[in-house]
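Q: kindly generate the corresponding structure for this input.
(one chain, ligands or ions: 2)
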Amino acid sequence: MAQVVVVGSCMTDLVSCTTRLPKPGETVIGHKFFIGFGGKGANQCVQAARLGAKTSMICEVGKDSFGNEYIENFKRNEISTEFVGQTEDAATGAASIIVNSEGENVIVIVPGANLLVDSEDLKRAADVICKAKVIVCQLEITPATSLEALKMAHASGVKTLFNPAPAQADLHPQFYTLSDIFCCNETEAEILTGLPVGNPEDAGKVGSLLLERGCKLVIVTLGAEGCVMISKEDPIPKHVAAGKVKAMDTTGAGDSFVGALAFYLAYYPNLSMEEMIRKSNFIASVSVQAPGTQSSYPYRKDLPRDLF
Ligand SMILES: Nc1ncnc2c1ncn2[C@@H]1O[C@H](COP(=O)(O)OP(=O)(O)OP(=O)(O)O)[C@@H](O)[C@H]1O
Ligand SMILES: [K+]
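A: Ligands and ions are numbered 1, 2, ... in the order given. So this is what the prediction gives:
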């Protein structure tokens, strides 16, 4: 039985590298193309699975070659695909990305099948959701579906880890009350509260504001600075610094962090939250030292033993 259940998105990243970005109507010749597996939900699930969590992904892909490839990707990562639906009604979510030599990009995301994850999918997976240790949700699928999944889990005493990404200024208030752990980055925290976040002190302030909205515990991630946590039990913000590393590509670090945290919540529930965050910081800091998203996520076998 899965201990970590993720209800969320998967996207195929289609990345073209060019010297400069094309203007409207223009064709430019690129020098490199690659396909990557992405989508916040899937990324988080892959990181948890690579640490050794028994995971199940609840999502929708299209009945197309990208959908087939994505299902194979889940299987290679030993993620249960029992509740990965394949629909005829939309294409697998895709992100077309063009990157120039300066690292600037233009991106078009077509959520496609992701927006078709619905109550029916949740009902089919009800047993797995309600028997999990931890459920993880984000906002790359229809928010109402994420909210319903959180409600189901919460009603069964399953720990809820919610990542409000991409951020929505008018987030439904129940997202706060249904979150045991509400984990956002600086940008998301700013959009949700209207307060700027540039350092751990600011993060503590937005954390306490988000706490007032009903979450049990708030984590604000701060890139190289690590995180700030604040909880109902201990309403004094605590900064948990990340180790110093040489970052080469921070893409996907936030999802690596959330996936790692889900693993620790499920498998090491007796660790203090500070210790879980410290370990998750370490894992996410490994991901920033390699290129790409899922391609940069470490496996348990390659990590120091004292993390487990
Ligand atoms: N330069 C870095 N050095 C060390 N750790 C880092 C660095 N950047 C990110 N991390 C780790 O990753 C976590 C998440 O990073 P961040 O706050 O940038 O998330 P994010 O903005 O959601 O990332 P992304 O959108 O790139 O996936 C941090 O809390 C930290 O643990
Ligand atoms: K990376």
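
Q: which secondary structure elements does the helix or strand encompassing Phe282 sit against?
A: In this structure, Phe282 sits in helix 273-287 according to DSSP states H and E. When contacts are defined as 3 or more Cβ pairs under 8 Å, 6 or more residues apart in numbering; DSSP states H and E, helix 273-287 packs onto strand 217-221, strand 227-231, strand 238-240, helix 253-267. No exception for glycine: its C-beta is placed from N, CA and C like everyone else's.

Q: which one of the ones you listed lies closest to Cys45?
A: helix 253-267 (6.7 Å; Cβ to Cβ).

Q: can that closest one be said to contact ligand 2?
A: No: using Cβ under 5 Å from the ion, helix 253-267 never reaches ligand 2; the gap is at least 6.3 Å.

Q: orientation of that helix relative to strand 217-221 in degrees?
A: With axes from the mean of the first three to the mean of the last three Cα atoms, to 10 degrees applied, the angle from helix 253-267 to strand 217-221 works out at 150 degrees.

Q: is helix 253-267 anywhere near ligand 1?
A: Yes: Helix 253-267 comes into contact with ligand 1 (Cβ under 6 Å from any ligand atom), by way of Ala253, Gly254, Asp255, Phe257.

Q: could you export these as JSON lines, including neighbour count?
A: Formatted as JSON lines, the residues of helix 253-267 next to ligand 1 follow (neighbours: other Cβ atoms under 10 Å):
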{"residue": "Ala253", "neighbour count": "25"}
{"residue": "Gly254", "neighbour count": "24"}
{"residue": "Asp255", "neighbour count": "29"}
{"residue": "Phe257", "neighbour count": "28"}
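
Q: residues near Gly198, how many?
A: Gly198 is flanked by 11 other residues according to other Cβ atoms under 10 Å.

Q: so it is in contact with Glu186, correct?
A: Yes: if you go by Cβ atoms under 8 Å, Gly198 and Glu186 touch, sitting 7.5 Å apart.

Q: re the thing from before, mean pLDDT for the helices and strands packed on helix 273-287 - can I get that in JSON lines?
A: Output for the helices and strands packed on helix 273-287, formatted as JSON lines (pLDDT from 0 to 100):
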{"stretch": "strand 217-221", "mean pLDDT": "98"}
{"stretch": "strand 227-231", "mean pLDDT": "98"}
{"stretch": "strand 238-240", "mean pLDDT": "98"}
{"stretch": "helix 253-267", "mean pLDDT": "98"}
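
Q: quick one, the helix holding Phe282 and helix 253-267 angle?
A: In terms of direction (the same axes, to 10 degrees), helix 273-287 departs from helix 253-267 by 140 degrees.

Q: and the contacts of helix 273-287?
A: By Cβ atoms under 8 Å, 6 or more residues apart in numbering, the list of residues contacting helix 273-287 from outside reads 47, 51, 217, 219, 221, 226-227, 229, 231, 238, 240-243, 245, 252-254, 256-257, 260-261, 264-265, 268, 271, 296-298, 303, 307.

Q: drop anything exposed from those residues.
A: 47, 51, 217, 219, 221, 226-227, 229, 231, 238, 240, 242, 252-254, 256-257, 260-261, 264-265, 296-298, 303, 307 (16 or more other Cβ atoms under 10 Å).

Q: can you name the residue of this structure nearest ligand 2?
A: Closest residue of the chain to ligand 2, Cβ to the ion: Ser296 (3.4 Å).

Q: for that residue, what are its contacts?
A: So, once contact is read as Cβ under 8 Å, 6+ apart, Ser296 ends up touching Asp249, Thr251, Gly252, Ser256, Val286, Ser287, Val288, Gln289, Ala290.

Q: right, so of the helices and strands packed on helix 273-287, which gets closest to Ile129?
A: Once those are compared by Cβ to Cβ, helix 253-267 is nearest, at 13.6 Å.

Q: helix or strand: which one has Thr160?
A: Using DSSP H and E, Thr160 sits in strand 159-162.

Q: tell me which residues are up against that strand.
A: 133-138, 146, 150, 153-154, 175, 178-183, 258, 261-262, 265-266.

Q: now, these that are in helices?
A: Per DSSP state H, helices hold the following members of the contacts of strand 159-162: Ser146, Leu150, Ala153, His154, Phe175, Val258, Leu261, Ala262, Leu265, Ala266.

Q: what about the closest residue to the fourth one other than its chain neighbours, how many residues nearby?
A: I take that to be His154. Residue nearest to His154 in three dimensions, not counting chain neighbours: Leu178, with 5.1 Å by Cβ to Cβ, 6 or more residues apart in numbering. As a burial measure, Leu178 scores 24 neighbours (other Cβ under 10 Å).

Q: got a list of what Leu178 touches?
A: Counting by Cβ under 8 Å, 6+ apart, the residues that Leu178 touches are Leu147, Leu150, Lys151, His154, Thr160, Phe162.
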